[in-house]
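Q: Give me a model of this one.
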Amino acid sequence: MSPIRVFSMVVVLVQLTGCGSGNDFSDLDAYMNEMRLRAPGKIEPTPTFRSYPTFTYSAANLRSPFSRQVRIDLAGQPRGSRNVKPDPNRVKQYLEGFNIEQFEMVGTISNASGSFALLRGAGGVHRLKVGDYLGRNDGRIVAINASQVDVVEIVPDGQGAWLERPRTLPLKEHS
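A: Predicted coordinates for the structure are as follows:
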């Protein structure tokens, strides 16, 4: 070891022993006694707070008074049919677990067994034929051509019946 290193270690040890030796807290004791004489002998209790009745805002589900009023013509809305409804006993296909909005048509292929649409979505490119299902609303493929895939979904009409809603997935160019 170098002499400089030995010297610095000795200096550090002397300083550490100087800090721990002696229990002379007379200046701290004097300060504490002075503070005890100045301060009153009792601490005031915390003030008590009155509780106020709670308020529940009940207009959260109402129309905002700052937006324009919208008139809904219920006569113009399409009405569902009791004859149209999804089949609860049908085994769901894999692509029915995804929203139809995430699928895009990227092409078609044909072979001896028929023509198929190529749809990208749900983590890959999937080959589908007429009659296959996709989307969460019982969407069934009804037609495939070179530029689009036609799908019919079964959605509730809001009044206890079901509607068939057509959707089109157009071919995405340059994908």
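Q: residue boundaries of the helices in the protein?
A: Read by DSSP state H, the chain holds these helices, from start to end of the chain: 3-20, 26-38.
Q: Name the residues that touch the longest one?
A: Think helix 3-20. Outside of helix 3-20, not a single residue reaches it under the criterion CB atoms under 8 Å, 6 or more residues apart in numbering. Bear in mind the C-beta positions are built from the backbone N, C-alpha and C, glycine included.
Q: what about I4, how many neighbours?
A: Per other CB atoms under 10 Å, the neighbour tally for I4 reads 8.
Q: rewinding a little: hey, least reliable of the helices of the chain by pLDDT?
A: For those, the bottom mean pLDDT is recorded on helix 3-20, which sits at a mean of 74.
Q: Any idea which helix or strand in this protein has the lowest mean pLDDT?
A: Every helix and strand of the chain was ranked by mean pLDDT, DSSP states H and E. The lowest is helix 3-20, at a mean of 74.
Q: Let me know the pLDDT of the nearest residue to F116 once chain neighbours are set aside.
A: The shortest distance from F116 to any residue other than its chain neighbours is 4.7 Å, reached at R127 (CB to CB, 6 or more residues apart in numbering). As predicted, R127 sits at a pLDDT of 94.
Q: next one: R71
A: Here the pLDDT value assigned to R71 is 62.
Q: Ok, G139 next?
A: According to the model, G139 carries a pLDDT of 91.
Q: Enumerate every residue touching Q148.
A: For Q148, the contacting residues are 105, 168-171, by CB under 8 Å, 6+ apart.
Q: Widest-spaced pair of those residues?
A: Considering CB to CB, no two members of those lie farther apart than T168 and L171, which are separated by 10.3 Å.
Q: out of these two, which sits in the more crowded spot?
A: Set side by side, T168 and L171 show unequal neighbour counts under other CB under 10 Å, the larger going to L171 at 17 against 11.
Q: how near is the more buried one to D27?
A: According to CB to CB, to the nearest Å, L171 and D27 sit 89 Å apart.
Q: Ok, T168 next?
A: As defined by CB to CB, T168 lies at a distance of 89 Å from D27.
Q: hmm, back to that, kindly reformat the helices of the chain as JSON lines containing distance to P53.
A: Listed next are the helices of the chain as JSON lines, based on distance: least, CB to CB, whole Å:
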{"stretch": "helix 3-20", "distance to P53": "60"}
{"stretch": "helix 26-38", "distance to P53": "44"}
